[in-house]
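Colleague: no FASTA, just this:
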């Protein structure tokens, strides 16, 4: 049985959502493949999604960003967390490399942990990066020239990335320069089959009701303008988070007993931030998107551009989001038409074809 060691960022669910379709596709080429998931994400994310033998090895692989909710980056907290991770950096690489050597994987796949890449290279195992972004580009706008430690951490991240044997840049992706060899691959998503009538029956929705999914990814959103939402005409909401008791038009996702992906595929519109998995799946399914921008996250513009070219979308300002003034953006998104058909979701096949040579 071949083993693939997967170093997966725990910053939200987007990185794991890229890795899972690749592993599922690769397993069809290599039926005896096993995946070791080296990540801080819970097993509950992978259990309904992964279709090959796998084992979870809980461990922090990177920082990404420390966030105060899904829309705000805690910049000082982010640098402090990176400082802690990079303390005794060489020793941490060697400790991780020793675990990789002990496991004897055929290949190391990292999305997009610099620790995983540095350790895979140190272990002498073929090491492949996979992502639509890299953490050096995410951190670069926040570097304070008056704090030399920031530049040191950025250099260590880029040095680690430079040790990858190959980097597979997922469409839409950033113009990354830290990797010595790079191939572009198609978009990655694994959309569910829409079950719109099933979802409507679960909600008791009228034919005229719009079903709006409010989901901001793996970093929790703990507040919404529930009173204004309840007054929006012909609208029912599903929120991936807690809902006040007695709310008649807002239902928590957990109460439906349906996976997030199926609800996304079956909703009439999604309100979210521009995150890779949600945007690419929504475009593939033709689901309109109302998005709230952060304006300081590196891959946000590429995702917004992708949405407006291939999908249906409208921006909602942060102020309008928090005060519940959603109706104009919802109408605009529903009225949009794509400028061009979306590209095929070839990323899983592209990556699997490349990785198959190792497993």
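Modeller: Now that the structure is in, tell me what you want to look at. On a predicted model such as this, the values are computed, not experimentally measured, just so you know.

Colleague: all strands of the stretch 251-359 of the chain, in order?
Modeller: 269-272, 289-291, 313-315 (DSSP state E, counting those that start in this stretch).

Colleague: next, format these as a markdown table and append distance to residue 165.
Modeller: For every residue, glycine as well, the C-beta is placed using N, CA and C. Converted to a markdown table, these look like this (distance: least, C-beta to C-beta, whole Å):
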| stretch | distance to residue 165 |
| --- | --- |
| strand 269-272 | 35 |
| strand 289-291 | 35 |
| strand 313-315 | 37 |
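
Colleague: in TSV, list those strands along with mean neighbour count.
Modeller: Supplementary listing: those in TSV, determined by neighbours: other C-beta atoms under 10 Å:
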stretch	mean neighbour count
strand 269-272	24
strand 289-291	25
strand 313-315	21
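
Colleague: for residue 279, find the nearest of those.
Modeller: Shortest separation from residue 279 across the strands of the stretch 251-359 of the chain is recorded for strand 289-291, at 6.7 Å, computed as C-beta to C-beta.

Colleague: partner strands of the closest one, with direction?
Modeller: Neighbouring strands of strand 289-291 in its sheet, by DSSP bridges, are strand 269-272 (parallel), strand 313-315 (parallel).

Colleague: about what we covered before: tabulate the strands of the stretch 251-359 of the chain (TSV), appending distance to residue 138 and mean pLDDT.
Modeller: As requested, the strands of the stretch 251-359 of the chain are arranged in TSV below (distance: least, C-beta to C-beta, whole Å; pLDDT from 0 to 100):
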stretch	distance to residue 138	mean pLDDT
strand 269-272	19	98
strand 289-291	18	98
strand 313-315	21	98
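
Colleague: how does the chain divide into domains?
Modeller: Under the assignment named as automatic domain parsing, the residue ranges that make up the domains of the chain are 3-187+346-355, 196-335.

Colleague: what's the first-to-last distance across stretch 243-258?
Modeller: From the first residue to the last, stretch 243-258 extends over 17 Å; the measure is C-alpha to C-alpha, to the nearest Å.

Colleague: contacts for that stretch?
Modeller: Applying C-beta atoms under 8 Å, 6 or more residues apart in numbering, the set of residues contacting stretch 243-258 from outside is 198-199, 202-203, 213, 215, 224, 226, 229-230, 232, 235-242, 260, 263.

Colleague: just the buried ones among the residues you listed, please.
Modeller: Of all the contacts of stretch 243-258 considered here, the ones buried according to neighbour count by 16 or more other C-beta atoms under 10 Å are 199, 202-203, 213, 215, 224, 229, 232, 235-240, 260, 263.

Colleague: ok, and what's touching stretch 311-328?
Modeller: Counting by C-beta under 8 Å, 6+ apart, the neighbours of stretch 311-328 from elsewhere in the structure are 71, 223, 225, 227-229, 232, 271, 279, 282-283, 286-293, 304, 307, 329-330, 332-334, 336-338, 342.

Colleague: mind listing what's buried in it?
Modeller: Going by neighbour count (16+ other C-beta under 10 Å), the buried part of stretch 311-328 is 311, 312, 313, 314, 315, 316, 320, 321, 324, 326.
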